[in-house]
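Novice: After the sequence you'll find the predicted model.
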Amino acid sequence: MKKITIHPVSRIEGHAKITIHLDGEGQVTGTQFHVTQIRGFEKFTEGRPYYEMPSITARICGICPVSHLLASVKACDGIMAVRIPPAAAMLRELLHCAQFVQSHALSFFHLSAPDLLLGMDYDPAKRNVAGLLEEHPDALRDGIALRKFGQQVIERLARERVHPSWTVPGGVNAPLDPHAHEKTLAELPAAQAIVRRTIELWKKTLDQFPNEISTFSNFPTLYAGLVGPDGSLRLYDGNLRFVGPEGRMVADQVRPEDYSAHIGEAAMADSYLKAPYYKPTGYPEGIYRVGPLARLNAADRCGTPEADKELEEYRQRFGRIVQSGFHYHYARLIETTYALERMKQLLDDPAILSKKVRATAGVNSPEGVGIIEAPRGVLIHHYKVNDDGAMVWSNLIVATGHNNLAISRGVEQVAKRFVNGRKLEEGALNRVSALVRAYDPCLSCSTHALGMVPVKLSLVGPGGELLDEKATD
Amino acid sequence: MEKLRLGTCWLDGCSGCHMSLLDVDEGLVAVLKKADIVFGPLVDAQEWPEGVDVALVEGAVSSQDDLKLAQTIRQRSKVVVALGDCAVTSNVPSMRNGIPTRKLLERVYVEGVDEKPGVPTDGVPPLLKHAVPLHDAIKVDVHVPGCPPKPNAILFALSELLEGRKPDLGSKLRFG
């Protein structure tokens, strides 16, 4: 007959709050995942010139500003109706791979490693980077070094680590500096060595979490991701694919401009984060997931040798379709391997040094759609402009939004397994938060509309009365 | 030497200032040796604790939750730093200020959906009429502008504050 509130959900990128409802016996009857920030980018950008959109929408998120910059400039390429020079596309992809490395490093090391290496029940006052520094200093240093590598590549290419202005409609505004080219190639092996060590460590560690593996959003959903013409993983450019829980092809090679035939959005009464769903199936049955786990389920292969070897081992262990949300962590490490290999491929191609990196044009189409894979999953920017290039309408669907239904149901699954209202344990509440962390939700992204996601646990009676509130401290 | 108590939080912003804080790279280890992080996105505390020495606040004050947290931070912290342009000027979050909040919310949750139109109200904080800079809500001791502020500016400000001095940011500052 109670409600527990976790507020805020900690070690996530944004503001969320969780409400857990209990019956008279202290059994969990239901949960709510609230995202509590909203900013209204779609509304307040009306009337602004479309070419301002990259700089404005980058401010949706400081963790993956490159994702918004790229989705935005791709939508702008569509409005200009240009095909950007090949070197510009390569440089954008290189920048994007660097972002994958830094963002995945942040998620794995800075945010989740305290749970994964110190333990879910570890002293909450030290279950953070400071505890890692004491107990696993090498892992923390690896995490800092890997994130730094990604951020430095971004800085070298785009001049700034956060909110750079190098990516522009039509391409990028400066070619690759040969010095940056050499330096990045020279530093790649050290970054790859970190990822290899970390994957080996994780393969040995993950068996310690059988209960988490069996309950962290361990239910069938659809999975969505971008793939190339040959069905391999794509991060910067590709078409959408949806696969079913057993790997059945649900929709393949969906062009970006056709996204709205496949993705619908529903408002939720208890969250500022809307809930996208697979439109042909309807709401809420059309639940699907995006991000590392979903991308590796959707793609046939990564397309680079080392990542494909890791992917094969992962699939041998957990199946062709991996269902448990706990394995987002493992999938994230495999993708980091891919991103580093892909960077090497791009840098080894002399075409990347071309000085032709920008197409110029005016408004040639009233509409543009840009889709990329952000580190957390599919990101869609859709703009409409008038003849003068002023924005008249936009729609932004962000990675964490797609996962909203799966996170919400996962929270309930974990709470039902671990939380007992008669004896509230911090470690149980931490597991509820850890489920959210596995998705690496970016709540500043997801609440571009207007808000943030704090997590708060409240105990509510059967009549809806608030009986108790508890934060996860 | 007793470690200082450092709290960080982000209100209505994008987390870019926190990323710039992490962009001090190995400098983070040095900070962890001098200070305990007692609140913030990197640690598990649920409530802003008493007796915080230095508070770094990113973001504008935009919702009732933001306002409440800002007031708690002020009561429980010795030095409050407005970190980045959103906290200093309200920046991008204030771009909504010319639009009535009801219109903004309806554009997103009524016009902008295919199913279940309706503005969320259950368990989510109401928006303030305007997103405002931090110093409109509480007294601020130090302003560090930038979108985001450069990592070296943050590290310098933090190091000075952890030594008990008020930082003279001078040439390290810039907006945008």
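Specialist: Perfect, I can see it now.
Novice: Return the distance of A:Thr159 relative to A:His181.
Specialist: In this structure residue A:159 is Arg, not Thr. To A:His181, A:Arg159 is 15 Å away according to Cβ to Cβ, to the nearest Å. Just so you know, the C-beta spots here come from the backbone N, C-alpha and C atoms, and that holds for glycine as well.
Novice: can you give me the helices in chain B?
Specialist: B:16-22, B:27-34, B:64-76, B:85-89, B:101-106, B:134-137, B:151-162 (DSSP state H).
Novice: again with the stretch 201-350 of chain A
Specialist: A:210-215, A:292-298, A:305-318, A:328-348 (DSSP state H, counting those that start in this stretch).
Novice: now the third one against helix A:328-348, angle please.
Specialist: Right, the one you point to is helix A:305-318. Here helix A:305-318 points in a direction 160 degrees away from that of helix A:328-348 (axes from the mean of the first three to the mean of the last three Cα atoms, to 10 degrees).
Novice: Could you find the closest non-adjacent residue to A:Leu111?
Specialist: A:Arg11 (4.6 Å; Cβ to Cβ, 6 or more residues apart in numbering or on different chains).
Novice: Distance-wise, check that neighbour relative to A:Glu200.
Specialist: Distance from A:Arg11 to A:Glu200, by Cβ to Cβ: 24 Å.
Novice: Which of these two has more residues huddled nearby?
Specialist: A:Arg11 (25 against 11; other Cβ atoms under 10 Å in any protein chain shown).
Novice: Neighbours of the residue nearest to A:Gly291 when sequence neighbours are not counted, how many?
Specialist: Distances taken as Cβ to Cβ, 6+ apart place A:Gly377 nearest to A:Gly291, at 3.9 Å, with adjacent residues excluded. Close neighbours of A:Gly377, defined as other Cβ under 10 Å, add up to 29.
Novice: what's near enough to touch A:Gly377?
Specialist: By Cβ atoms under 8 Å, 6 or more residues apart in numbering or on different chains, A:Gly377 lies in contact with A:Ala224, A:Gly225, A:Arg289, A:Val290, A:Gly291, A:Ala294, A:Arg295, A:Ala399, A:Thr400, A:His402, A:Asn403.
Novice: from what I can see A:Val385 touches A:Ala81, true?
Specialist: No: if you go by Cβ atoms under 8 Å, A:Val385 and A:Ala81 don't touch, sitting 11.9 Å apart.
Novice: Looking at these two, which is more packed in?
Specialist: Neighbour totals were compared for A:Val385 and A:Ala81, and A:Val385 leads with 24 against 13 (other Cβ under 10 Å).
Novice: any idea how far A:Val392 is from that one?
Specialist: Counting by Cβ to Cβ - A:Val385 and A:Val392 are separated by 6 Å.
Novice: one step back: just the ones of the contacts of A:Gly377 in strands?
Specialist: A:Ala224, A:Gly225, A:Arg289 (DSSP state E).
Novice: First-to-last residue distance for stretch B:67-85?
Specialist: 17 Å (Cα to Cα, to the nearest Å).
Novice: mind listing what's buried in that stretch?
Specialist: Neighbour counts over stretch B:67-85 (16 or more other Cβ atoms under 10 Å in any protein chain shown) mark B:67, B:69-70, B:72-74, B:76-77, B:80-85 as buried.
Novice: lowest-confidence stretch among the helices of chain B?
Specialist: Among the helices of chain B, helix B:27-34 carries the lowest mean pLDDT, at a mean of 86.
Novice: so what's the residue in chain B that chain A sits nearest to closest to, chain neighbours aside?
Specialist: Nearest residue of chain B to chain A: B:Gly16, at 2.3 Å (Cβ to the nearest Cβ). Closest residue in space to B:Gly16, ignoring its immediate chain neighbours: A:Gly62 at 2.3 Å, by Cβ to Cβ, 6+ apart.
Novice: The spatially most central residue of chain B and B:Gly40, how far apart?
Specialist: A centroid search over chain B (Cα atoms, centre = their mean) returns B:Glu58, at 1.9 Å, as the residue closest to the centre. Distance from B:Glu58 to B:Gly40, counting by Cβ to Cβ: 10 Å.
Novice: Next to chain B, which bits of the stretch 51-200 of chain A? Give me the list.
Specialist: A:56, A:59-63, A:65, A:106, A:110-111, A:124-125, A:127-130, A:133, A:140-141, A:144, A:147-148, A:151, A:161-163 (Cβ under 8 Å from any Cβ of the partner chain).
Novice: From those residues, keep the buried residues only.
Specialist: Counted by 16+ other Cβ under 10 Å, these give A:56, A:59-63, A:65, A:106, A:110-111, A:124, A:127-130, A:133, A:140-141, A:144, A:147-148, A:151, A:161-163 as buried.
Novice: Surely the residue nearest to the centre of chain B and B:Asp12 touch.
Specialist: No: counting by Cβ under 8 Å, B:Glu58 sits too far from B:Asp12 to count as a contact (9.2 Å).
Novice: joint contacts of those two?
Specialist: B:Cys86.
Novice: Need the pLDDT of the residue nearest to A:Leu111.
Specialist: 79.
Novice: Phi first, then psi, for it.
Specialist: Note on A:Arg11: backbone dihedrals following degrees, to the nearest 10 are phi 50, psi 40.
Novice: is the helix or strand where A:Ser408 lies anywhere near chain B?
Specialist: Using DSSP states H and E, A:Ser408 maps to helix A:404-418. No: on the criterion Cβ under 8 Å from any Cβ, helix A:404-418 is out of touch with chain B, staying 11.7 Å away.
Novice: could you check the angle helix A:404-418 makes with the helix or strand just after that helix?
Specialist: Of the helices and strands lying after helix A:404-418 in sequence (DSSP H and E), the nearest is helix A:426-438. Put simply, helix A:426-438 runs at 160 degrees to helix A:404-418, going by the same axes, to 10 degrees.
Novice: follow-up on the earlier one: so who does the residue nearest to the centre of chain B touch?
Specialist: Each residue near B:Glu58 by Cβ under 8 Å, 6+ apart is listed here: B:Thr8, B:Cys9, B:Trp10, B:Leu11, B:Gly13, B:Ser15, B:Cys17, B:His18, B:Leu83, B:Gly84, B:Cys86, B:Ala87.
Novice: And the third one, how far from A:Phe216?
Specialist: What that stands for is B:Trp10. 26 Å.
Novice: any idea of the angle the strand or helix carrying A:Ala98 forms with helix A:328-348?
Specialist: For A:Ala98, the enclosing helix or strand under DSSP H and E is helix A:86-105. Helix A:86-105 and helix A:328-348 are oriented at 150 degrees to each other (the same axes, to 10 degrees).
Novice: for the stretch 51-200 of chain A, what spans make up the strands?
Specialist: A:167-168, A:171-172 (DSSP state E, counting those that start in this stretch).
Novice: Would you reformat those strands as JSON lines and include mean pLDDT and distance to B:Ile99?
Specialist: Shown next, in JSON lines, are these (pLDDT from 0 to 100; distance: least, Cβ to Cβ, whole Å):
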{"stretch": "strand A:167-168", "mean pLDDT": "97", "distance to B:Ile99": "28"}
{"stretch": "strand A:171-172", "mean pLDDT": "98", "distance to B:Ile99": "33"}
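Novice: among the buried residues of stretch B:67-85, which two are most distant?
Specialist: Using Cβ to Cβ, the buried residues of stretch B:67-85 span at most 25.0 Å, a distance reached by B:Arg76 and B:Asp85.
Novice: Can you spell out the domain ranges of chain A, please?
Specialist: Per automatic domain parsing, the structural domains of chain A span A:2-211+A:349-470, A:220-322.
Novice: And the residue of chain A that's closest to chain B?
Specialist: In chain A, the residue that lies nearest chain B is A:Gly62 (2.3 Å; Cβ to the nearest Cβ).
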